[in-house]
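Colleague: with the input below, show me the fold.
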Amino acid sequence: MSAMHFLIETLFNLFLMVVLLRFWMQWARVDFYNPLSQAIVKATSFAINPLRKIVPGFGGFDMASLVLAYIVACAKVSVLMMAFGGYWDAAGVALGGLLTVLKEAFSLVFWILVIRALLSWVVQGYNPVAAVFEQLTEPLLRPIRKVIPPLGGLDLSIMVVLIGMMFLQRLVMDFLH
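Modeller: So this is what the prediction gives:
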């Protein structure tokens, strides 16, 4: 049963991260003609485009992507509840969906920052994938660089954001428990 639990959780989490990545890409105004951006758009448009007819954008944010992320998270919690708990609880699904979206958003930001740091060591010149990661993370890193400039070619802003994000994640989880 644990293998099936792992498979269900992984499939839902992967799609949830792609949906959250699309929201983040729109917020950060990433180049949507980039091949990686096009892949993310194509992977999510089947579900987001119909939702856009019902859920309008708000303040420049694509609310349809956030609503889809919440729906996917609630579906994940529902499937896991019914398959492994033998029951379904609406309040548990609603709260579990919200917590799942928060957890996956923190996880997505963490991994995007780590991948960007690794790519900065490996990629020489222009690379379309590295460009997307740079565009995604630059709004988070720019304010830190104003306070802590790169030291002799060593950019500590990613480490500062990672530590701050882990602190926020623990603070949110402590508050919710």
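Colleague: how about the helices of this structure, start to end?
Modeller: According to DSSP state H, the chain carries its helices in the segments 2-27, 35-52, 63-80, 90-122, 128-147, 157-176.
Colleague: which of those helices sits most buried?
Modeller: Scoring these by mean neighbour count under mean count of other Cβ atoms under 10 Å gives helix 63-80 as the most buried, with a mean of 20. C-betas here are computed from N, CA, C, even on glycine.
Colleague: and that one, C-alpha only, in CSV?
Modeller: These are the backbone C-alpha positions of helix 63-80, laid out as CSV (Å, rounded to 0.1, in the frame of the first residue of the first chain):
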residue,chain,number,x,y,z
MET,A,63,-6.3,33.5,-10.2
ALA,A,64,-7.3,30.6,-12.4
SER,A,65,-3.9,29.0,-11.8
LEU,A,66,-4.2,29.4,-8.1
VAL,A,67,-7.8,28.0,-8.1
LEU,A,68,-6.5,25.0,-10.2
ALA,A,69,-3.7,24.5,-7.7
TYR,A,70,-6.2,24.4,-4.9
ILE,A,71,-8.5,22.0,-6.8
VAL,A,72,-5.6,19.7,-7.5
ALA,A,73,-4.5,19.8,-3.9
CYS,A,74,-8.0,19.0,-2.6
ALA,A,75,-8.3,16.2,-5.1
LYS,A,76,-5.0,14.8,-3.8
VAL,A,77,-6.2,14.9,-0.2
SER,A,78,-9.6,13.4,-1.2
VAL,A,79,-8.1,10.5,-3.1
LEU,A,80,-5.6,9.8,-0.3
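Colleague: ok, and what's touching that helix?
Modeller: Contacts to helix 63-80, defined as Cβ atoms under 8 Å, 6 or more residues apart in numbering, come from residues 5, 8-9, 12-13, 15-16, 19-20, 22-23, 26, 44, 47-48, 51-52, 54-57, 88, 92-94, 96-98, 100-101, 104.
Colleague: rerun that using 6 Å as the cut-off
Modeller: Outside helix 63-80, the residues within contact range by Cβ atoms under 6 Å, 6 or more residues apart in numbering are 8, 12, 15-16, 19-20, 22-23, 47-48, 51-52, 55, 57, 93, 96-97, 100-101.
Colleague: about what we covered before: can I get the helices of the chain in JSON lines with mean pLDDT?
Modeller: Written out in JSON lines, the entries for the helices of the chain read as follows (pLDDT from 0 to 100):
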{"stretch": "helix 2-27", "mean pLDDT": "94"}
{"stretch": "helix 35-52", "mean pLDDT": "94"}
{"stretch": "helix 63-80", "mean pLDDT": "96"}
{"stretch": "helix 90-122", "mean pLDDT": "92"}
{"stretch": "helix 128-147", "mean pLDDT": "92"}
{"stretch": "helix 157-176", "mean pLDDT": "88"}
